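**Student:** model this:
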Amino acid sequence: MELSNNLAENSMRPVALGRKNWLHVDSRKAGPKVAAILSVVESCRRLGVPVKEYLADVLPGMNRRKLPEVATLTPARWANQRR
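**Tutor:** Got it, this is the predicted structure:
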């Protein structure tokens, strides 16, 4: 058994660096938005979903979608529809 947490630390590094880089945003609304974006990107990464392809397919017209429809656009459901 390997006694190392390198995998966990390496997966969290982009979030920690991003947090430092986004300090200049200076908006209380920015934190939840960044967290939501990072959550989607990390979900795509863990599921093996191409992030750019997913976002290019899901984001256009998002403002015209109804809330129940948005719930079906998670990276996991999107990937299952593509198979």
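**Student:** which stretches of this protein form helices?
**Tutor:** 6-21, 30-47, 51-58, 67-70, 75-82 (DSSP state H).
**Student:** in the second one, what counts as buried?
**Tutor:** What that stands for is helix 30-47. 34, 40, 41, 42, 43, 44 (16 or more other C-beta atoms under 10 Å). Glycine gets a C-beta too; all of them are placed from N, C-alpha and C.
**Student:** what's the closest of those to residue 59?
**Tutor:** Using C-beta to C-beta, residue 40 comes nearest to residue 59 of the buried residues of helix 30-47, at 10.1 Å.
**Student:** what's near enough to touch that closest one?
**Tutor:** By C-beta atoms under 8 Å, 6 or more residues apart in numbering, the residues touching residue 40 are 55, 75.
**Student:** weakest of the helices of the chain by average pLDDT?
**Tutor:** Ranked on mean pLDDT, the bottom entry among the helices of the chain is helix 6-21, at a mean of 69.
**Student:** quick revisit: in the buried residues of helix 30-47, find the pair that's most separated.
**Tutor:** 34 and 44 (15.8 Å).
**Student:** picking up where we left off before, let me know the closest of the buried residues of helix 30-47 to residue 73.
**Tutor:** Using C-beta to C-beta, those come closest to residue 73 at residue 40, 9.7 Å.
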